Structures are given as structure tokens and as C-alpha cells.
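A.B. asks: Next come a sequence and a model predicted from it.
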Amino acid sequence: MSETRILGIRHHGPGSARSLVQTLPTFRPEVLLIEAPAGVESLFPLVNDPDLKPPVAILAYVTDEPRQAAFYPFAEFSPEWNAIKYGLQAGIPIRAIDLPASVSLARDESGDGEEEDEIGVARSGDGLDDPMAMIAVAAGYSDGELWWDHTFEQRWSHEDPFEAVAELMTALRGIGFRHHHLAKQKNDDGNPEPDLANPSSRDVTREAHMRLAIREATTEFDRVAVVCGAWHVPALGAQVKVSEDKALLKDMPKVKVSATWVPWTYERLAFASGYPAGVISPAYYEILWRSDPEAIARNWLIQAARLLRGEDLPASTASVIEAVRLSETLACVRGLPSPGLSELADAVKAVFTHGDVAPLRLIERRLIIGEKLGEIPPDTPSIPIQADLAAQQRRLRLKPEALERTLDLDLRNETDLARSKLLHRLNLLEIEWGLAQPVSGKLGTFHELWSLQWRPEFAISVVIASRWGATVEAAAAQRAIDLAAEFEGLGELAGLARAVLTAGLPDALEPVLDRLRDEAAISTSAGDLLDTLPPLGWIVRYGDVRGTDTGLVRQVFDSIFTRGCISLPQACVSLDDGAAAAMAGRLDASDGIVALLEDADHVGLWRETLAQVADLAGAHGLVTGRAARLLFDAGAMPADEIAARLSQAASPGAVPAETAAWIEGLLGKSGALLLHEERLWTILDAWIMSLREETFLEILPLLRRTFSVFPPAERRQLGERAKGSGRSNLVDEEIDEERATRPLPLLRLILGLEEPL
């Protein structure tokens, strides 16, 4: 007669895994059934490959729509992972019995309202009490997580716990069903009673599929072992008619699915990441899995001390000994069999950090959650673009890591240039493994600074990118061409052209520039034309650093630059404050790129255009003032003329708000002009002193905004100059001493000079 053992475990629970590896050799099953999506069994043999290093996950995705995907993670302490290893070593069949991914990915379960927690207990979204928490409170624990952890995960007993787990879950499901039933009666009075054997629509079909798989196995083998989430144990052992299970699974929609192994991280294995079956402390669970019971506190605290010393924080050997003793004492006082994570964290806070919580955040990230990233073998089944990316990562020595790190590239080096191109190509494919950072202290032309951090979800992005090509280069090029067809703004197209150049995609550059040229030919917006100049000018100036022929880009730049200069003066008329600020920014950016290219024809045409803008009647003062300042900085407008224009703008008949706007445009982001040009200071000083009080208060926010962006040193010098001019004496005469003394009592209280009442 067939004997079946249903072994209920906690997903990613080290204690559950330890009990499992003790029980399976004793039971000696002839077949092993695992709660994993049916159809992925072909991936199980790779678990024996030493190059497959957890944490890893099975990625299942809809072949024609890779964005529709699901991950099934494993850690070295996951019970399912160890069950698969046992089955492979014992040479017995291993079957995945959960609902196939082809079915689950075809179903729309977004309205389910239920998730499974890390123990496998279904938690509904209707606010019902948690049965596990009720058991924990009855046992004297603050929450279900802590109780389960101490009862099952931190146990080293050789006794078989699975009968007790089955009995517990049978009771818990009964409690959960009764709450669910009462809520249904209250909310849906008059409706038929719910089927108390099935707590959720998602569990109904999953458990039906698993029961059918178990029945099939029992007809072929005498000893069957089933490894599943503890929550499912009562349902899988229930007596349900085969016809009822088959009816539940009849005519379910299916999609074509592909699957492979991908690296995973402890961060994504943690419950805090949003993974319903995650655990709170993956890194701590790894130590719990690897260590002897007497060594857990010691090993974890030694790692904490090393981590703190690595950050130049004191953590001596004597402190480790003291912290171990304190954690054991805390466990005893709290009635626990051994120190848990809470006791260890309290010991670190008391002994190592002396109450400072900041270092605890580092310990939480490294030693509680962890930053470990798994690895997969080179011959793992994959699509061509995945294999190409993996080959480039190996060739360029760019190993994916969960820990964020900085990469400094010198583009004069062939390997660094290839790394830069790869990262830029991946960004075009929306795989932001690397984020470009500002370069400081080095020649930006030849250096790039990147922040690298690999995330597991990039595996899906790589699969999605396969729609554009079989290699990273081909996919990025086609993606750029497709984006060029979608973009309509000239600024977007110019930015795309720069991205294509930095990614080293010559096959895509010409189609992108053709699209840019076509859009520029019909554009009547001077602002849009000017927006294209900085990225195109950058390509013209620095394209040779990457070995790119920029002749075609130069032609497009020249055409757009000429049209932009012709249409600019008219575009500066009748602007509101927001549009004027945007146009002033465009003037700054375009002026910078003209200076960068050092082309005599460009410089001449640009200065003529700025002169026209500076002389415009009816234009916004911010724009005309900025044009005058740019001409002054270029030596094309003398200081006397600037003074004359300021005097005209600040004449008695001028509107004060317009004068303030012109001054803001003139000064820009630096007050150096006022410090070095005495005549400008005198004119501005006289204008301010001539204003009536109500007018001054009206334009004060504009003036404050202008001066607030100056560097601190300039503001200090301007203040000292104003003080030296004698204006401070006028202010002193108007001080109201009675009002000035009112805040003094409150200030004394704030500064601790007086005790509060």
C-alpha cells in the first residue's frame, strides 16, 4: 500500500529545511513532489551545478509578452532547494506539482485581495484577525512571526515536527474559516454560505492541482514525499473527489511560457521588498542555517564587529564577548530558549553603538537583510541576448553585484570605453544597471563615473529587450530607431542622438539624425530649436573621443543653429515670467555650446542675435538683461553701455517690476559684476533708494530671489559693501527697540538659558 507524507514547511525557513533534510533520508521516498509550478522540472538538475549559487530564482515569463512574468526564489536555506538537492543525490524523480505558470500567468488575480505570508498562512485583505497571531498570543509571544521563529526555525531537535505542523495548520485553517464565514454572513447576508474547505479562489485551484498530482504519484510509487507550504497541508490531505478537482481546473486559460534560472538577492527575498512569501532576515537566516546552535550568537556578533570596524567604529573582541553574554541573558529574562535576532540587535545597540541607532541601519542592511547576489552557470538555458550580455560581463570584468559600487572609467582605455558603451546601451534598453554620475576633479572629456547595482528584475528587462535584437548592441540600435519614430520634440530627438553616440551605435545614428532633421525643418519654435543645440554641440565637440564620425551631426547642427538664430528675436516677445525664465536658460545653454565649439561663424552670428534680443522693445526684462550680460561676458558690450542700459531700465518712468526682472537677467547667478563695476553699483543703489515703500515691498521678493542664488562669498562681500556705504545707519535710526526685545524670552528658553515654567 502506498505511503504518502505531506511535509509542511515555511518557505525559506532554515529550521524547516533542517527538519526536512533529517526526515527525507529516514522516510526514503521513491518520488519527491515539490510545491513549484509544474513544467519547470527541466531546470532542477542545475541545482547540483556548483556554479549555481543561491539566492537564485526560476523566472517564468509569457514567451510573447515577457513583461508578464513571475519569480520563484530559492536560498541555500530554503526547504524546497534542499529537497531538490536530496532528490538529485538520491536519484529519485522530482516533480513540481503547483499550478503551471502557463495557467497562473494567464489568470487575472489582481482582485484576489489575499496573499500568503512567509509561513504560508493566507491573509485576506478584509481586516480579519490573523490566526497565527492568536496562537502566538496564547503562547505568550508578541506576534506570530516571533513565535514561529523560536518554535520551528531556531530548533535543532532530531524529532520529526511535521505531524505537529499538520495538526497546527488544521486548527489554524479552522479558525481562519470561521472568521471568514462570520464576515461573509455579516457582509453578504442572504447569500449562500462559503465553502469552508477553500479559503481563497487562488488556493482552490492550486490545491486541486496539487491533489491530482499526489494521486497520480501514489498510483506509480509506494512512498511519496510532498514538500509544500504548511498552510496547504490540511487541504492536500483532505478527501476530495477527483471529479471535483478536475472540474475546478477545466477550461482554464493558458499561455505559452518560457523559464530559466536568474540571480536573486537577499534584499528581494526579504518580506520588506513586497515579496509575500519573504522572510524578515535572510542574512541572519543564512547564519542560522550554517552555524551550530551554540555558535549562532557568537558568529553573528563577530560579523557585526567586523562590519563596524570596517566603518571605523569601535568594536573590540572584549565587546563581542560582552555582547554574547548580554544576548544570552536577555533571552533568559524573556523566557526564550536561545537568543534571537531581537536579543542580538539589543546587545549590539547596548555594547557596540551605546544607544546610537545609526550604525544599526548598516547592520540591518548587511547582516539582517543582506546584500548577497546569487550566480548562475554560463550554460544556463537562456535567450541569445541574455547569453550575449553574460559574455560581455565576463569579458569586460563587470560582475553583477547587489552591493552598490562606483566605477570610474577612462575612455582612452579600450576596455573602459567598451564598458561605457555597454552601460549606455543597457540604459537605452531601460536596463539601468549603471547610473551616470557627475565627474569632478578629472577631465570630463575622457572620464565617466558610474554607480552600479544589479537588481533581479533586470532579468525581465533583458528578456523584454530581446524583441529588438539578439545582442545588446543590435537591440539597443533598433530600440533607438523605434524611439526616434515615436519622439516628436526636437530636444528629445537631440538627446536620443547623443545617447546613440555615447552607446557607440553608428547604425542607429543616421536614422535618428534623419528624423531630427525632418522635424527641425518643419519646426517654427525657436525654443525647440535651441533645445537641440547643447546635445548636438556636445557630439560635435567630443565625438572624436569615442572614435565616431561627427560630420553628419555637424551638418544638422549648423542648419538648426542658423534657423534658431533667425527665429530667436521674435520668440522673445510677449513672454510671461515662466516662459521668460525658460528662454533665459536656453540663452545660457546655447551661449555655452557656442563658446565650446569655438567656430568663428557661429560666434559672429550668435553675438548679432544676442544684440537684437538685448535691444528688443516690449520683450521681457529677464531675457533682454540676460542677453546684455552674455554680450558683456564675451567682451562684445562694454561696461559703459551696460551702465547706460541699467540707467535706462531704472529710470523714474520705468515699471519697477520690469526693472527688477532686467536686473535679475543681467546679474544671473553671480554678483561679481556689481563688485567690480562701481558705476553699476551706484546706479542700482540710487534706484533702490528712490523707490517708495510700497513699491519696494512689492519687488522685494524678486530682488531677494536674484541675490539668493549668488555664491555665499559674493553675498558676504555685497553685504559688507552695503554696510560701508552708510545705508546701515539709516536702518539703525528706524529700529523699534520695544518690538526688538519681544522675542528675547523665547530665545532664552530655546537656548536653555532659562528653565521652562
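C.D. replies: Now that the structure is in, tell me what you want to look at. Residues are numbered from 1 along each chain as shown.
A.B. asks: looking just at contacts, which helices and strands does the host helix or strand of G625 meet?
C.D. replies: Per DSSP states H and E, G625 falls inside helix 621-633. If contacts are counted by 3 or more Cβ pairs under 8 Å, 6 or more residues apart in numbering; DSSP states H and E, helix 621-633 sits against helix 577-597, helix 600-614, helix 639-649, helix 656-667. Quick note: C-beta positions are derived from backbone N, CA and C, even for glycine.
A.B. asks: 6 Å instead, please
C.D. replies: helix 577-597, helix 600-614, helix 656-667 (3 or more Cβ pairs under 6 Å, 6 or more residues apart in numbering; DSSP states H and E).
A.B. asks: List the buried residues of it.
C.D. replies: Of the residues in helix 621-633, 621-632 count as buried by neighbour count, 16 or more other Cβ atoms under 10 Å.
A.B. asks: Output those residues in JSON lines, with pLDDT and distance to E432 appended to each entry.
C.D. replies: Shown next, in JSON lines, are those (pLDDT from 0 to 100; distance: Cβ to Cβ, whole Å):
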{"residue": "G621", "pLDDT": "85", "distance to E432": "42"}
{"residue": "L622", "pLDDT": "88", "distance to E432": "36"}
{"residue": "V623", "pLDDT": "90", "distance to E432": "37"}
{"residue": "T624", "pLDDT": "90", "distance to E432": "41"}
{"residue": "G625", "pLDDT": "87", "distance to E432": "40"}
{"residue": "R626", "pLDDT": "88", "distance to E432": "35"}
{"residue": "A627", "pLDDT": "91", "distance to E432": "39"}
{"residue": "A628", "pLDDT": "88", "distance to E432": "42"}
{"residue": "R629", "pLDDT": "86", "distance to E432": "38"}
{"residue": "L630", "pLDDT": "89", "distance to E432": "36"}
{"residue": "L631", "pLDDT": "89", "distance to E432": "41"}
{"residue": "F632", "pLDDT": "85", "distance to E432": "42"}
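A.B. asks: before we move on, back to that, what's the closest of the helices and strands packed on helix 621-633 to H158?
C.D. replies: helix 577-597 (72.7 Å; Cβ to Cβ).
A.B. asks: The closest one - what's its average pLDDT?
C.D. replies: Averaging pLDDT along helix 577-597 yields 88.
A.B. asks: again, but for stretch 665-681
C.D. replies: 76.
A.B. asks: Save the buried residues of helix 621-633 as a markdown table, and put in distance to Y542 too.
C.D. replies: Formatted as a markdown table, the buried residues of helix 621-633 follow (distance: Cβ to Cβ, whole Å):
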| residue | distance to Y542 |
| --- | --- |
| G621 | 35 |
| L622 | 31 |
| V623 | 29 |
| T624 | 32 |
| G625 | 31 |
| R626 | 26 |
| A627 | 27 |
| A628 | 30 |
| R629 | 27 |
| L630 | 23 |
| L631 | 27 |
| F632 | 28 |
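A.B. asks: What is the nearest of those residues to L168?
C.D. replies: L622 (72.6 Å).
A.B. asks: which residues does the closest one contact?
C.D. replies: Shown in contact with L622 (Cβ atoms under 6 Å, 6 or more residues apart in numbering): 580, 584, 661, 664-665.
A.B. asks: ditto for D346
C.D. replies: L330.
A.B. asks: So what does it look like in phi/psi?
C.D. replies: Backbone geometry at D346, expressed as degrees, to the nearest 10, gives phi -60, psi -40.
A.B. asks: Also the one 10 residues further on?
C.D. replies: Note on D356: backbone dihedrals following degrees, to the nearest 10 are phi -80, psi 120.
A.B. asks: Could you check what's spatially nearest to it, not counting adjacent residues?
C.D. replies: K349 (7.9 Å; Cβ to Cβ, 6 or more residues apart in numbering).
A.B. asks: number of nearby residues for the one you found?
C.D. replies: 17 (other Cβ atoms under 10 Å).
A.B. asks: Distance check, it against V262.
C.D. replies: 37 Å (Cβ to Cβ, to the nearest Å).
A.B. asks: I figured V165 hits L7, correct?
C.D. replies: No: counting by Cβ atoms under 6 Å, V165 does not reach L7; the two are 8.2 Å apart.
A.B. asks: These two - which one has more neighbours?
C.D. replies: L7 (26 against 22).
A.B. asks: Could you confirm P73 falls within a helix?
C.D. replies: No: secondary structure of P73 (DSSP: H, G, I helix; E, B strand; the rest coil): strand, not part of a helix.
A.B. asks: Which pLDDT value goes with the residue nearest to it when sequence neighbours are not counted?
C.D. replies: Using Cβ to Cβ, 6+ apart and skipping the chain neighbours, the partner closest in space to P73 is A57 (4.1 Å). If you check A57, the pLDDT there is 91.
A.B. asks: would A57 count as being in a strand?
C.D. replies: Yes: under three-state DSSP, A57 sits within a strand.
A.B. asks: Please shift the residue numbers so they start at 11 in all later answers.
C.D. replies: Happy to do that; since the first residue is 11 now, the last one works out to A67.
A.B. asks: Enumerate every residue touching it.
C.D. replies: 81-83, 272, 274.
A.B. asks: Save the residues you listed as CSV, and put in neighbour count, distance to A732 and pLDDT too.
C.D. replies: Below are the contacts of A67 laid out as CSV (neighbours: other Cβ atoms under 10 Å; distance: Cβ to Cβ, whole Å; pLDDT from 0 to 100):
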residue, neighbour count, distance to A732, pLDDT
F81, 18, 64, 88
Y82, 22, 69, 91
P83, 27, 65, 93
V272, 23, 64, 88
W274, 26, 62, 89
